[in-house]
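> sequence plus the predicted model coming up.
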Amino acid sequence: MKHQTNKLILSEQRPRQLRHASTDVERIIWQQLRGRQIGNAKFRRQHAIGDYIVDFVSFDAMLIIELDGGQHQSQMQYDERRDQYLHGAGFQVVRLWNNDVLTNLDGVMETIFTAVATRATP
């Protein structure tokens, strides 16, 4: 019997923990994305891709949605490295501010819909 590495165990457990500890903003967006409501694209939440866990991903559209609150310089540098990795894997990354979700949900959803529409395969 093969044993799972700690990395593999973490890649399965950590996303599960994050899904159960979703923020209010993540729950708001998830209610809009789940069930193929946006351009028939299936989204997953708190999903591991490589060494990173993304907020929302659609493999149909190769699109990642990231929600950002206030950021420090070190977080911005980490996000930059992460985005480079994800772009290299073929994903488009759309970053949205938590405040925009709370104050302009229609505009945020239009941004996501447009991103899905431009990434959808014919």
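Thanks, I have the structure now.
> what sits against the most centrally placed residue in the chain?
Centroid check for the chain by C-alpha atoms, centre = their mean gives Phe56 as the closest residue, at 2.5 Å. By C-beta atoms under 8 Å, 6 or more residues apart in numbering, the contact set of Phe56 is 29-30, 33, 43-45, 47, 64-66. Any C-beta I mention is one placed from the backbone N, CA and C, and that applies to glycine too.
> looking at those residues, spot the one nearest Arg81.
Arg81 has its nearest neighbour among the contacts of Phe56 in Glu66, at 13.4 Å by C-beta to C-beta.
> circling back to that earlier point, so the residue nearest to the centre of the chain is in which element?
strand 52-58 (DSSP states H and E).
> quick one: the strands in this structure?
44-49, 52-58, 63-68, 92-97 (DSSP state E).
> picking up where we left off before, relative to Gln75, which of the contacts of Phe56 is nearest.
Glu66 (11.5 Å).
> who does that closest one form a beta bridge with?
When bridges are called by DSSP bridges, Glu66 pairs up with Arg95.
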